[in-house]
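Student: I'll drop the sequence and a predicted model, then ask my questions.
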Amino acid sequence: MSLTIFNSIITAFKFLTILPLGGYLPDERAIGKSIVFFPFVGITIGGILYISDYLLSTIFTRSVVDALLITVLVIITGGLHIDGFADTVDGIAGGKNPQDRLRIMKESNIGAVGVSCVVLLLLIKYSALLSIIEVQKGGALLMAPMISRWSQVQAICMGKSAREDGLGRIFIENGSAVKFLFATAFVTSMTIFVLPLIKVLLLLAIIFIISLIFLVFFNRMFNGVTGDAIGSVSEINEVIVLLVLLAMQ
């Protein structure tokens, strides 16, 4: 593995998780290359959830374990995507035009609409996870974080930046069709170990279409996408993956 690839993987983990990975400070080139490794970070998070589920299940009941798994998921990501989801909702709910919405999204306080939507999102995520049958739960824990991070790659590679500054702009300017195809190949090859091919294609097609719809919607709301909007796509698609898997049971 070349040093550049290794740095890009470390960069992806540093942006998407709170895992302690030293004081390495990525440059813009490493940030741009890290996009393709987002799904790898996602399945690593899924692996942590899988192990946590195995250990916690020896002590607690299913409902308690699933609540703790949602908590672990929020902690591992540092609440980054949840915060982006709340800011995006607040911007959409409170802004009158794209500039006003972007201004609201930069405010440090979370509004009542944002808090309400976060609570509902976590409640749906918990309920969906709790409803998935035990034999399929491990696969769901692995796939949901991975496929949702894949949707981040799609938003980055197919979106345009709504801001002239910020990390979101750096990611978006470094997005490309090749990176999205690499990420798609990785996600497909991993998911096929858990689901039959026809269900893999159906699941990925649903997430792809939902992400496209959000990109169109964000273009209307913000004149593009931001880091917060990309995070909100990930949070929503994480729930959608669980709901689709639940429907496929």
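Tutor: On my side now, so go ahead.

Student: Next one: I213 from I206, what distance?
Tutor: Noted for I213: a distance of 11 Å to I206, by C-beta to C-beta, to the nearest Å. (Glycine included, C-beta is placed from N, CA and C.)

Student: who's more crowded, those two?
Tutor: Using other C-beta atoms under 10 Å, the more surrounded residue of I213 and I206 is I206, with 17 against 10.

Student: isn't there a helix covering that one?
Tutor: Yes: I206 forms part of a helix when assessed by DSSP: H, G, I helix; E, B strand; the rest coil.

Student: dump the residue contacts of it.
Tutor: With contact set as C-beta atoms under 8 Å, 6 or more residues apart in numbering, I206 has these partners: I240, V244.

Student: same question, L195
Tutor: Contact analysis of L195 by C-beta under 8 Å, 6+ apart lists G139, M143, L203, M248.

Student: In CSV, list the residues you listed along with secondary structure and neighbour count.
Tutor: Output for these, formatted as CSV (DSSP: H, G, I helix; E, B strand; the rest coil; neighbours: other C-beta atoms under 10 Å):
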residue, secondary structure, neighbour count
G139, helix, 17
M143, helix, 28
L203, helix, 21
M248, helix, 13
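
Student: Adding pLDDT, write the residues you listed out as a markdown table.
Tutor: Rendered in a markdown table, the data for the contacts of L195 read as follows (pLDDT from 0 to 100):
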| residue | pLDDT |
| --- | --- |
| G139 | 96 |
| M143 | 97 |
| L203 | 97 |
| M248 | 93 |
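
Student: Assess the claim that R62 and L130 are in contact.
Tutor: Yes: in terms of C-beta atoms under 8 Å, R62 counts as a neighbour of L130; the distance is 6.8 Å.

Student: between the two, who's got more neighbours?
Tutor: Residue environment comparison for R62 versus L130 gives the larger neighbour count to L130, 17 against 14, counting by other C-beta under 10 Å.

Student: Spatially nearest residue to that one (excluding sequence neighbours)?
Tutor: Of all residues not flanking L130 in the chain, D66 sits nearest, at 4.8 Å (C-beta to C-beta, 6 or more residues apart in numbering).

Student: Kindly report the same for E134.
Tutor: For E134, the nearest residue in space outside its immediate sequence neighbours is R62; the separation is 7.7 Å by C-beta to C-beta, 6+ apart.

Student: do K137 as well
Tutor: That would be D53: by C-beta to C-beta, 6+ apart, it lies 6.9 Å from K137.

Student: Can you pull the poorly scored residue ranges out of the chain?
Tutor: Low-confidence regions of the chain, defined by pLDDT under 70, span residues 1-3, 23-24.

Student: Provide a list of residues in contact with the residue nearest to I132 when sequence neighbours are not counted.
Tutor: Taking C-beta to C-beta, 6+ apart, and ignoring the residues beside it in sequence, I132 has A140 as its nearest neighbour in space, at 5.1 Å. By C-beta under 8 Å, 6+ apart, the residues touching A140 are L129, I132, V241, L242, L245.

Student: Next, the buried residues of the helix or strand where A140 lies.
Tutor: Secondary structure assigned from DSSP states H and E places A140 in helix 134-158. Of the residues in helix 134-158, those with enough neighbours to count as buried (16 or more other C-beta atoms under 10 Å) are 136-158.
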